[in-house]
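Chemist: got a structure for you, letters missing:
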């Protein structure tokens, strides 16, 4: 998923920086998942849980191709689900 997110970013948004992606999923209505960005307590709990558990070396080394170049980053994904 991380590789896909990097490789499918738009040209104007391209950046090969290290990232922590938040994937928001409303399991009752997938089309409303974007609204979860307003669910601050839910996101805070997931982010704190990730940070508490990740140790001193968070993320994963990921290599991806973009526009003819090969890039290497450290990245991870937090999936925030609302049921």
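Modeler: Sure thing, it's come through. Just so we're clear, the structure is a prediction, and the values are computed from it rather than from any experiment. Numbering: from 1, shown residues only.

Chemist: how close does the residue of the chain most remote from its centre get to residue 4?
Modeler: Distance to the chain centre peaks in the chain at residue 68, reaching 23.2 Å (criterion: Cα atoms, centre = their mean). Distance from residue 68 to residue 4, counting by Cβ to Cβ, to the nearest Å: 18 Å. The way it works is simple: take the backbone N, C-alpha and C, and place the C-beta from them, glycine included.

Chemist: what of residue 36?
Modeler: From residue 36 to residue 4 the distance is 20 Å (Cβ to Cβ).

Chemist: out of those two, which sits in the busier spot?
Modeler: Each of residue 36 and residue 4 has its neighbours counted (other Cβ atoms under 10 Å); residue 36 has more, 18 against 9.

Chemist: surely the more buried one and residue 22 touch.
Modeler: No - applying Cβ atoms under 8 Å as the test, residue 36 and residue 22 come out as separate, 9.0 Å apart.

Chemist: can you list residues touching both of the two?
Modeler: 43, 80 (Cβ atoms under 8 Å, 6 or more residues apart in numbering).

Chemist: re earlier: mind listing what the residue farthest from the centre of the chain touches?
Modeler: Contacts of residue 68 (Cβ under 8 Å, 6+ apart): none.
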